[in-house]
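Visitor: What follows is a protein structure lacking sequence information:
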């Protein structure tokens, strides 16, 4: 025994089954997660899965999901990969910045920064 | 349960967009402070659970007051509006975490390289990294208490930067100053000027 509380690590292990990598195609830290439209949730979802589905009814970046869950990013990614595999969330592939930031968004960002 | 082959009910007027900006520079230069100064949320500290954790002693010579290090990631957020955010990611300041930079840099709008004039050489690796990958960056010279003030031009020459790369003096504890650095970066990254 090391004397350290093993509780958190065991819990993290339980969330991911010990996996370090998410299922399927990898996704960016700021990829947008959206809860899939079908309102029928499986009854056996763990609380973290329910929390993601509730949060991501509004499009939410992966990093924010991690912040909301208070979990490390790679654990969050495993959870999101599972939910995507089960068709419960969609994870959007980010567009290249050059295409994503048009003149209107550029102006919005500048105005937003200046108002801080 | 049904697979949502056809999305409904989550339509948004414009696609949500999270713009990623990196805050880089040597250990103890003020990256975490900068993120915390401007973020609307308390910066989230998180770690990738590494199986092979590097062992080393952080060189804090000349960095008197910093006692903790950013071991993995911390990030902050600025909400421009619903569905449009800036995310600021502090890059790991230690060499043994270089492998995380590629993931952070992928798809980033650009980077702020923070420089400490007392240890200017510490930001060389970050400058090299972004130059090689053609990721737009600006250099923010953090004006620490007690540090000599340098002309931006001298810093530019010392770092061997082209004339087009913005070099700005800043105080990472000051919200307006950090805001101005980010404004400079966004304009440079989008407009190239």
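Guide: Here it is on my side, so go on. Worth saying up front: this structure is predicted, and the values here are computed from it rather than measured.
Visitor: And the helices in chain B?
Guide: Taking DSSP state H as the criterion, chain B contains helices spanning B:31-38, B:99-105, B:124-132, B:152-159, B:175-191.
Visitor: most neighbours per residue, which of the ones you listed?
Guide: Of all these, helix B:31-38 carries the top mean neighbour count, a mean of 23, counting by mean count of other C-beta atoms under 10 Å in any protein chain shown. (Each C-beta comes from the backbone N, C-alpha and C, glycine too.)
Visitor: quick one: it near chain A?
Guide: Yes. Judged by C-beta under 8 Å from any C-beta of the partner chain, helix B:31-38 comes into contact with chain A at residue B:38.
Visitor: Tell me which other helices or strands that helix touches.
Guide: strand B:17-25, strand B:73-81, strand B:84-90, strand B:110-115, helix B:175-191 (3 or more C-beta pairs under 8 Å, 6 or more residues apart in numbering or on different chains; DSSP states H and E).
Visitor: now these in a markdown table, with mean pLDDT?
Guide: Shown next, in a markdown table, are the helices and strands packed on helix B:31-38 (pLDDT from 0 to 100):
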| stretch | mean pLDDT |
| --- | --- |
| strand B:17-25 | 94 |
| strand B:73-81 | 89 |
| strand B:84-90 | 94 |
| strand B:110-115 | 96 |
| helix B:175-191 | 96 |
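Visitor: Pop out the phi and psi values for residue A:59.
Guide: Backbone torsions of residue A:59, given as degrees, to the nearest 10, read phi -50, psi 130.
Visitor: And for it, the neighbour number?
Guide: 20 (other C-beta atoms under 10 Å in any protein chain shown).
Visitor: which non-adjacent residue is nearest it?
Guide: residue B:16 (3.7 Å; C-beta to C-beta, 6 or more residues apart in numbering or on different chains).
Visitor: Can you give me every residue that contacts that neighbour?
Guide: Applying C-beta atoms under 8 Å, 6 or more residues apart in numbering or on different chains to residue B:16 gives the contacts A:32, A:59-61, A:92, B:83-84.
Visitor: returning to that earlier point: output the helices and strands packed on helix B:31-38 as a markdown table; include the columns distance to residue A:50.
Guide: Listed next are the helices and strands packed on helix B:31-38 as a markdown table, based on distance: least, C-beta to C-beta, whole Å:
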| stretch | distance to residue A:50 |
| --- | --- |
| strand B:17-25 | 23 |
| strand B:73-81 | 23 |
| strand B:84-90 | 24 |
| strand B:110-115 | 36 |
| helix B:175-191 | 35 |
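Visitor: how much space between the residue most central in space within chain B and residue B:76?
Guide: Most central in chain B under C-alpha atoms, centre = their mean is residue B:23, positioned 0.7 Å from the mean C-alpha point. Remark: distance between residue B:23 and residue B:76 (C-beta to C-beta, to the nearest Å) = 9 Å.
Visitor: okay, and the common contacts of those two?
Guide: Joint contacts of residue B:23 and residue B:76 (C-beta under 8 Å, 6+ apart) are B:35, B:88.
Visitor: which among the contacts of residue B:16 end up buried?
Guide: Neighbour counting with 16 or more other C-beta atoms under 10 Å in any protein chain shown marks A:32, A:59-61, A:92, B:83-84 as buried within those.
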